[in-house]
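Student: from the sequence below, what's the structure:
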Amino acid sequence: VITVTGKTLAENLEGAQVYNDDVIRPLSNPVYHEGSLAVLRGNLCPDGAVIKPAACDPKYYKHEGPALVFDSYPEMKKAVDDEDLEITPDTVMVLRNAGPQGGPGFPEWGMLPIPKALIKQGYRDMLRISDARMSGTSYGACVLHVAPESYVGGPLALLKTGDIVRLDLEARTLDMLVDAAELEARRAAWSAPAKRYERGYGHMFSKHVTQADKGCDFDFLETSYGATAGEPDIF
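Tutor: Presented below is the predicted three-dimensional model:
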């Protein structure tokens, strides 16, 4: 294909040299051998969640630890600023109700900070999970874009502080080690949050926005929703 130079891409690159192969690397020497992103599935995220393995401490590639669950960003922020918070580097910090509907709007809250109590002890990473969003500038062992989100009754809504969470990056799994009967009982006891919006754009958004794995877009824009209106008449 001809580019803007009038030549093909191959012609444009002919004779190019790599002056620093630590920056522009050959396939035989990648920064990370499995790609920078991994999609996880399990009973915490049946429709998927995303982690950036290249950004996290390898010791978290396979990890089990007790959950510390927060239902809102202010609740989480208050806790991480508490230098006396009872927490260990094995703890799995969870922020929920931060997805497409729970945020609302899928806010970029996924940069979950390391609690000051751990920073004081010299720790710089821990496993963190959220149905929130984060850009490509992620750092640490953060599992994000959990789908379905907790606000609509995804399994993340059933997780309790103290439950053991297991991440197995090689197997691409993320699970809470809670038996099916207990989860069924929690599901029966769960109730949906009160509606935030009764009318206007917020009402339309909540009714039609899709989950993270579907693109966080309006379902009525999909071709399966109905026939196109076609081009307008011009007189």
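Student: confirm that F220 sits in a helix.
Tutor: Yes - F220 forms part of a helix when assessed by DSSP: H, G, I helix; E, B strand; the rest coil.
Student: in the protein, where's the longest strand?
Tutor: strand 62-70 (DSSP state E).
Student: buried residues, it. List them.
Tutor: 63, 65, 67-70 (16 or more other Cβ atoms under 10 Å). Quick note: C-beta positions are derived from backbone N, CA and C, even for glycine.
Student: what's the closest of the residues you listed to S36?
Tutor: The nearest member of the buried residues of strand 62-70 to S36, counting by Cβ to Cβ, is H63 at 19.2 Å.
Student: which ones are touching that closest one?
Tutor: Contact analysis of H63 by Cβ atoms under 8 Å, 6 or more residues apart in numbering lists 90, 92, 127, 141, 166-167.
Student: which two of those residues have the greatest separation?
Tutor: Longest span within those, Cβ to Cβ: A141 and R166, 13.2 Å.
Student: could you check which of these two is surrounded by more residues?
Tutor: Taking neighbours as other Cβ atoms under 10 Å, A141 and R166 compare with A141 leading, 25 against 19.
Student: was I right about that one contacting M126?
Tutor: Yes - contact criterion Cβ atoms under 8 Å: A141 and M126 qualify, at 6.6 Å.
Student: give the residues shared as contacts by these two.
Tutor: Y60.
Student: now do W190 against V92, distance only.
Tutor: 20 Å (Cβ to Cβ, to the nearest Å).
Student: and for Y32?
Tutor: From Y32 to V92 the distance is 23 Å (Cβ to Cβ).
Student: can you name the residues that contact E83?
Tutor: Contacts of E83 (Cβ under 8 Å, 6+ apart): 116-117, 120.
Student: wait, I meant E34
Tutor: Here E34 is in contact with P53 (criterion: Cβ under 8 Å, 6+ apart).
Student: can you confirm it is in a helix?
Tutor: No - judged by three-state DSSP, E34 forms no part of a helix; its state is coil.
Student: what mean pLDDT does stretch 150-169 get?
Tutor: What stretch 150-169 shows for mean pLDDT is 97.
Student: number the residues from 52 up from this point.
Tutor: Will do, 52 is the new start, and the previous item becomes stretch 201-220.
Student: first to last residue in that stretch, what's the distance?
Tutor: 22 Å (Cα to Cα, to the nearest Å).
Student: likewise for stretch 279-286?
Tutor: 21 Å.
Student: what's the average pLDDT for it?
Tutor: Rounded mean pLDDT across stretch 279-286 is 89.
Student: returning to that earlier point: list buried residues within the contacts of E134.
Tutor: By 16+ other Cβ under 10 Å, those give 167-168 as buried.
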